[in-house]
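Asks: Give me a 3D structure for the following:
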Amino acid sequence: MSIMSLTSSSTSSVRASSGNGTSSADDPGFASKLSTPRERFLSAVVDHALQVGRRSPKDFMRHFSAKKIMSALREQPRLRAKLLVSTTGINEKIAMKKPAASAGEDLELALVEGVTEEGDVVSLFDPDDRVSFLDHNELWSFVIEGEFWRATAENVSPTIAREHVAFILTRAKAERLLNDREIIDGITLPVLIESLPKEDLGRVIEKALTEGRAGRVFKDERVLDVLTPSLLAEHVSLAQIWERLIAKLGFGRSTGASLSPPASITPTDTPTARPDERKADLPSVSTPPGGASSPPVTAPAASSVPVAAPTPTPSSATPAHVASQAPAAPTSSSPTIGAAPTTSSSQSIPVTTTSSIPARTSTSPSASVPPGGSGIARSGNNLDLNLDGDDDDDPIVIPDIEMKRG
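Replies: Have a look, this model is predicted:
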């Protein structure tokens, strides 16, 4: 299909909703082909605002400049070309090759030089394409600019304002964004009784009696069969209808919500600590003399460390047994040396040193177990345990520990 045939089809579809230039408020309007009810609603409402003259093409181009439109169509070369061919007279093949920025400049220049008019651009921009590619909040802002539903609104025809509000209600019902009960409860029964003419209220009562005598329930939709959106907009305050019904649909920035219904909250990324906060969380590490490859474990200073040894009996002290009961190397989470487990023959006899075990230095004192005796002695980096009075017990090596006050 050529660009010209697309243009002809688009223009006829836009004008079909208005017929001879007027639009019935109770007429649902043109048939939008968009996928969601809210998109179809917005497409119809924007188009109706233009068709009844409440909004003008110049208003539209003030909200959506030529460059903004072409930027929104940056992934749609055929739609950009459709606008350019009819408004600037450019060759179709060239228009298809023009990038969005260049196309926006050409269209803007054509408007400035009077080669085309705002009405031509708007009529070529299909109602569904407006919603598909332009920002929804900005479209809604275009519709409601001036707060036309208020009695204090300037340069707004009361007749057109009522017609537009009635059309919005009609479309909201057609797309099931509002149901009959919500409309009646939103306006409230006292307001309806106070605002509507007696003959219209009489028709509602008559309808209710007819339904009741036929054994049918008189539901809310039966009321609105009589009290049409046009009748409501004619007699009920437009501000009441807008604030209690239309504003609660959640469209645009005027209600603090986007076009789409509220979605689930997307979790945000976990906050990253500042460098000084991360530094404060890191344990203090110091390097031992000699530049060891693995950093020593830092532990707080402690008082005297109790070291318990099992009862020196011949049956419970063998090299393998002593090795299995050797104290594990301390870590940052357990900086002290705990008591060794008791043997099966008797309970442990605690043997304590007079001071905490210092870090290894070149001048560390050395000691040994006296010959023929039993006990615990420290020599350099070794812990000499003699539990049975002979010298065949293997020494236990204590790893380097950097003892540092926190």
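Asks: tell me, how many neighbours does G53 end up with?
Replies: Look at G53: counted by other Cβ atoms under 10 Å, it has 15 neighbours. C-beta: built from backbone N, CA, C; applies to glycine.
Asks: correct me, but it touches A161?
Replies: No. Counting by Cβ atoms under 8 Å, G53 sits too far from A161 to count as a contact (11.2 Å).
Asks: what kind of secondary structure is R150 in?
Replies: Under the three-state scheme (DSSP: H, G, I helix; E, B strand; the rest coil), R150 adopts coil.
Asks: What spatial separation is found between it and F41?
Replies: 22 Å (Cβ to Cβ, to the nearest Å).
Asks: residues in contact with T36?
Replies: Applying Cβ atoms under 8 Å, 6 or more residues apart in numbering, we find T36 in contact with no residue.
Asks: Got the phi and psi for it?
Replies: The phi and psi torsions at T36 (degrees, to the nearest 10) take the values phi -110, psi 150.
Asks: quick one: E175 and P37, what's the gap?
Replies: Distance, E175 to P37, by Cβ to Cβ: 4 Å.
Asks: A172 now?
Replies: From A172 to P37 the distance is 9 Å (Cβ to Cβ).
Asks: higher neighbour count, those two?
Replies: Set side by side, A172 and P37 show more neighbours around A172, with 22 against 16, by other Cβ under 10 Å.
Asks: what's the neighbour count on the closest residue to the more buried one other than its chain neighbours?
Replies: Distances taken as Cβ to Cβ, 6 or more residues apart in numbering place L178 nearest to A172, at 4.3 Å, with adjacent residues excluded. Using other Cβ under 10 Å, L178 has 20 neighbouring residues.
Asks: ditto for N179
Replies: 14.
Asks: Is it correct that it is in contact with K173?
Replies: Yes. Counting by Cβ under 8 Å, N179 does reach K173; the two are 7.4 Å apart.
Asks: Give me the nearest residue to D220, chain neighbours excluded.
Replies: Distance criterion Cβ to Cβ, 6+ apart; nearest residue to D220, sequence neighbours excluded, is D180 at 3.9 Å.
Asks: and the one you found, backbone torsions?
Replies: Torsion angles, degrees, to the nearest 10, at D180: phi -60, psi -40.
Asks: G250: neighbour count?
Replies: G250, neighbours per other Cβ under 10 Å, totals 15.
Asks: so where's this protein shaky on pLDDT?
Replies: The model of the chain has pLDDT under 70 over residues 1-29, 252-406.
Asks: if you set the cut-off to 90 instead, what comes out?
Replies: Residue ranges of the chain with pLDDT under 90: 1-31, 151-156, 204-226, 250-406.
Asks: show me where it has strands.
Replies: All strands of the chain, identified by DSSP state E, fall at 298-299, 306-309, 349-352, 375-379, 382-386, 396-397, 402-403.
Asks: circling back to that earlier point, next up, the contacts around the residue nearest to A172.
Replies: Residues in contact with L178 (Cβ under 8 Å, 6+ apart) are L169, A172, L245, L249.
Asks: Have a look at R150 and F41 and say which one is more surrounded.
Replies: Ranked by neighbour count (other Cβ under 10 Å), R150 and F41 place F41 first, with 23 against 15.
Asks: Quick check: phi and psi on the nearest residue in space to that one that is not next to it in sequence?
Replies: Once flanking residues are discounted, F41 sits nearest to E175: 4.8 Å by Cβ to Cβ, 6+ apart. Dihedral angles phi and psi of E175 (degrees, to the nearest 10) take the values phi -90, psi 10.
Asks: So E175 is in contact with L42, correct?
Replies: No. With contact defined as Cβ under 8 Å, E175 does not reach L42; the gap is 9.8 Å.
Asks: more crowded one of these two?
Replies: Comparing E175 with L42 by other Cβ under 10 Å, the one with more neighbours is L42, at 27 against 18.
Asks: My read is that that one contacts F251, right?
Replies: Yes. The pair L42 / F251 is scored as a contact, 7.1 Å apart, by Cβ under 8 Å.
Asks: got a winner among the contacts of L178 for most neighbours?
Replies: In these, the most neighbours by other Cβ under 10 Å go to L169, 25 neighbours.
Asks: who's in contact with that residue?
Replies: L178, I183, P229, L232, A233, I241, L245, I246.
Asks: picking up where we left off before, kindly tell me how buried the residue nearest to D220 is, as a neighbour count.
Replies: When neighbours are counted by other Cβ under 10 Å, D180 registers 16.
Asks: If you drop the residues flanking it in sequence, what lies closest to D135?
Replies: Once flanking residues are discounted, D135 sits nearest to A72: 7.9 Å by Cβ to Cβ, 6+ apart.
Asks: Break the chain into its domains for me.
Replies: Split into domains by automatic domain parsing, the chain comes to 1-145, 178-262, 306-312+366-397.
Asks: Packed most tightly, which of the ones you listed would that be?
Replies: Mean neighbour count, computed with mean count of other Cβ atoms under 10 Å, is highest for domain 1-145 among the domains of the chain, reaching a mean of 18.
Asks: Give me the distance between G53 and G119.
Replies: 12 Å.
Asks: and if you look at K198?
Replies: 45 Å.
Asks: Let me know the distance separating R162 from K97.
Replies: R162 is 48 Å from K97, where distance means Cβ to Cβ.
Asks: try F133
Replies: 20 Å.
Asks: Angles on the backbone of V236, please.
Replies: Per-residue torsions, V236: phi -90, psi 150 (degrees, to the nearest 10).
Asks: contacting residues around G89?
Replies: Applying Cβ under 8 Å, 6+ apart, the residues near G89 are V115.
Asks: How about A100?
Replies: By Cβ under 8 Å, 6+ apart, the contact list for A100 reads M70, S71, L73, R74, R80.
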